[in-house]
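# Dropping a prediction and its sequence here:
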Amino acid sequence: MHKIDFELIEMTMDVMKYAIDRISHTKQKIGKPLKAEALKELVGETITEKGIGGEQAFQLWKEHLAKASVPVDHPRNLAFVPAAPTRSAVMFDLVTSVSSIHGAYWMEGAGGIFCENEAMKWVVSLTGLPKGAFGVFTSGGTAANLSAIVTAREHWREDDTYKREKGLIITSIGAHSSIKAMAKVADVDILLVNSEEKLTGTNLKDTIENLTFHQRKRLFAVVATGGTTNAGIIDDLDGIAEVCEKEKLWFHVDAAYGGGALVADSVRHLFNGIERADSITIDPHKWMFSPYDCGAVIYKQPEFAKNAHSQQGSYLDIFKDEGAHGFNPTDYQIQLTRRVRGLPLWFSLATHGTNRYKEAVERGIELAQIAGRIIKDNPNVELVREPSLSCVLYRRIGWNPEDYTNWTYDNHDKGFALVTPTKWKNGDHFETVSRFCFINPDTTEEDIKMILDTMA
Ligand SMILES: Cc1ncc(COP(=O)(O)O)c(C=O)c1O
């Protein structure tokens, strides 16, 4: 398996050809999922004692399995938060893989970690956090949010008064599902302000005033969102920072999706106050055009993260030795062994320059505005709210939830588009509506019109 022979060289050429095709494609299809049994029927037994051979396995991948997956960068994939990695970033993902670098400690990964840190300096500069702030790349927003929550909780518990208390955090129902899930992992309670609209400093102040004495004692952090997943809403970060500073609470901003928009002059002012955060999540694999997976967690005072996350073990002592000194990404988040997943972002930034990022993000925001105008002109549909960042919520007049589901499947089955429904709080009930999220600058006005036409 580890020898170099003719077969290996041939296989390498095949894989390179596939990679070149994929990187330079312009018109790939939206893949369609099949049931596992159907896929098994198509490909048969692939894991056998003797192996089926690389050629056969690769053929099955190309013919059946790749086609059962949705390429996230399709211009008519507007579901969830899609992605659109730059071609240079995808290319360097290959380089990252073949380089086999352990990205936990400087001693092993210095070259790769250096590049990651150069990219990170730019990401941190977008936030306006004070000197000394820094971050690390994680497997995604979920891992970044967990790393930040654990850092906040450990910092809080440094005070003996709270050692035996179960922590409590406040966020709103607009926060991403990972905040609730990660609070569970960290075993902290979560109090949700019952509004999906912008969480304000006043909402937060009122919520804190209504806490019981014991709840207030247990409260250690607030999570604001810098671009909600559902609607692209940016909480009142300045107002929330004000309250957090007064109440001595850790202020985390989850900008996993919206963080890319920090580079966009047209909306940067909406994030004012983010520079007062104690920690921030930003996902380069969302709106910074990195391939999966690449999230980031940034801390105003990284030493708090180091206290919380740095792992100890006799086998790790060498990394703390003078000769091995350097920046160790593992110390600032939950993972030990890690891929240098910031490398594709570094290469793409170095290749294109940051201005191109600004243009590409601005295009996503512009596409949301264009979609808003097209929807207003189309008698079959109407906006649920004005577009925010690159999210557009709209309803097809007269449709019930089942209609939206059937429409989604129909377009997906045809390999035409992936646009999924969501729910929006309308008074006391949740209404099923349709949602666009634009990331890919190659999506066109025509794409939007064609998708809406299928709702006629
Ligand atoms: C605001 C927000 N936070 C966190 C996440 C979770 O990020 P990931 O899927 O990279 O773990 C998402 C994903 O869409 C998100 O939009």
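That came through fine.
# what comes up buried for stretch 181-189?
Across stretch 181-189, burial judged by 16 or more other C-beta atoms under 10 Å covers 182-183, 186, 188. All C-beta atoms are positioned from the backbone trio N, CA, C, and that covers glycine.
# Likewise for stretch 365-378?
Quick answer for stretch 365-378 (16+ other C-beta under 10 Å): 365-368, 370-372, 374-375, 378.
# CA atoms of that stretch as PDB?
This file holds the C-alpha atoms of stretch 365-378, laid out as PDB (Å, rounded to 0.1, in the frame of the first residue of the first chain):
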ATOM      1  CA  ILE A 365     -25.300  41.200  -0.800                       C
ATOM      2  CA  GLU A 366     -26.300  42.700  -4.200                       C
ATOM      3  CA  LEU A 367     -27.800  39.500  -5.300                       C
ATOM      4  CA  ALA A 368     -30.100  39.500  -2.200                       C
ATOM      5  CA  GLN A 369     -31.200  43.100  -3.100                       C
ATOM      6  CA  ILE A 370     -31.800  42.000  -6.700                       C
ATOM      7  CA  ALA A 371     -33.800  39.000  -5.600                       C
ATOM      8  CA  GLY A 372     -35.900  41.400  -3.300                       C
ATOM      9  CA  ARG A 373     -36.700  43.600  -6.300                       C
ATOM     10  CA  ILE A 374     -37.600  40.600  -8.600                       C
ATOM     11  CA  ILE A 375     -39.900  39.200  -5.800                       C
ATOM     12  CA  LYS A 376     -41.600  42.600  -5.500                       C
ATOM     13  CA  ASP A 377     -42.300  42.600  -9.200                       C
ATOM     14  CA  ASN A 378     -43.600  39.000  -9.300                       C
END
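# Contacts made by that stretch with the rest, please.
Here stretch 365-378 makes contact (C-beta atoms under 8 Å, 6 or more residues apart in numbering) with 232, 261, 264, 266-267, 381-383, 386-392, 394, 436, 438, 441, 443, 445, 448-449, 452.
# Now that we have those residues, which of them are buried?
Buried among the contacts of stretch 365-378 by 16+ other C-beta under 10 Å: 232, 261, 264, 267, 381, 383, 387-392, 394, 436, 438, 441, 443, 448, 452.
# What about the ligand: which of those residues touch it?
With respect to the ligand, and counting by C-beta under 6 Å from any ligand atom, no part of these is in contact.
# Which of the residues you listed fall in strands?
381, 383, 391-392, 394, 436 (DSSP state E).
# Show me the two of these that sit farthest apart.
Among these, the pair separated by the greatest distance (C-beta to C-beta) is 381 and 391, at 15.4 Å.
# mind listing what the spatially most central residue of the chain touches?
The chain has residue 283 as the residue nearest its centroid, 3.9 Å off, counting by C-alpha atoms, centre = their mean. With contact set as C-beta under 8 Å, 6+ apart, residue 283 has these partners: 140-141, 144, 256-257, 259-260, 294-296.
# Could you count how many residues lie near residue 164?
7 (other C-beta atoms under 10 Å).
# next one: residue 53
Other residues close to residue 53 by other C-beta under 10 Å number 11.
# Repeat that for residue 45.
Neighbours of residue 45 using other C-beta under 10 Å come to 7.
# Then residue 413?
10.
# show me the contacts for it.
Under the criterion of C-beta under 8 Å, 6+ apart, the neighbours of residue 413 are residue 32.
# One more: the one 4 residues further on?
By C-beta under 8 Å, 6+ apart, the contact list for residue 417 reads 30, 76-78, 411, 447, 450-451, 454.
# which SSE is the nearest residue to residue 301 once chain neighbours are set aside in?
Once flanking residues are discounted, residue 301 sits nearest to residue 132: 6.8 Å by C-beta to C-beta, 6 or more residues apart in numbering. Residue 132 is part of no helix or strand, with elements assigned from DSSP states H and E.
# Quick one: the strands in the stretch 201-350 of the chain, in order.
219-225, 250-255, 279-282, 295-299 (DSSP state E, counting those that start in this stretch).
# how close does the closest residue to residue 15 other than its chain neighbours sit to the ligand?
Using C-beta to C-beta, 6+ apart and skipping residues adjacent in sequence, the residue nearest residue 15 is residue 58, 7.4 Å away. To the ligand, residue 58 is 29 Å away according to C-beta to the nearest ligand atom, to the nearest Å.
# What is the burial count for residue 101?
Counted with other C-beta under 10 Å, residues neighbouring residue 101 total 18.
# tell me which element the residue lying closest to it once chain neighbours are set aside falls in.
The spatially closest residue to residue 101, leaving aside those adjacent along the chain, is residue 112, at 4.4 Å (C-beta to C-beta, 6+ apart). Of the helices and strands defined by DSSP H and E, residue 112 is found in helix 106-127.
# List the buried residues for that helix?
Buried residues in helix 106-127, counting neighbours by 16+ other C-beta under 10 Å, are found at 106-109, 112-113, 115-117, 119-120, 123-124, 126-127.
# From these, pick the one nearest residue 168.
residue 127 (26.0 Å).
# any idea how far that closest one is from the ligand?
As judged by C-beta to the nearest ligand atom, residue 127 and the ligand stand 15 Å apart.
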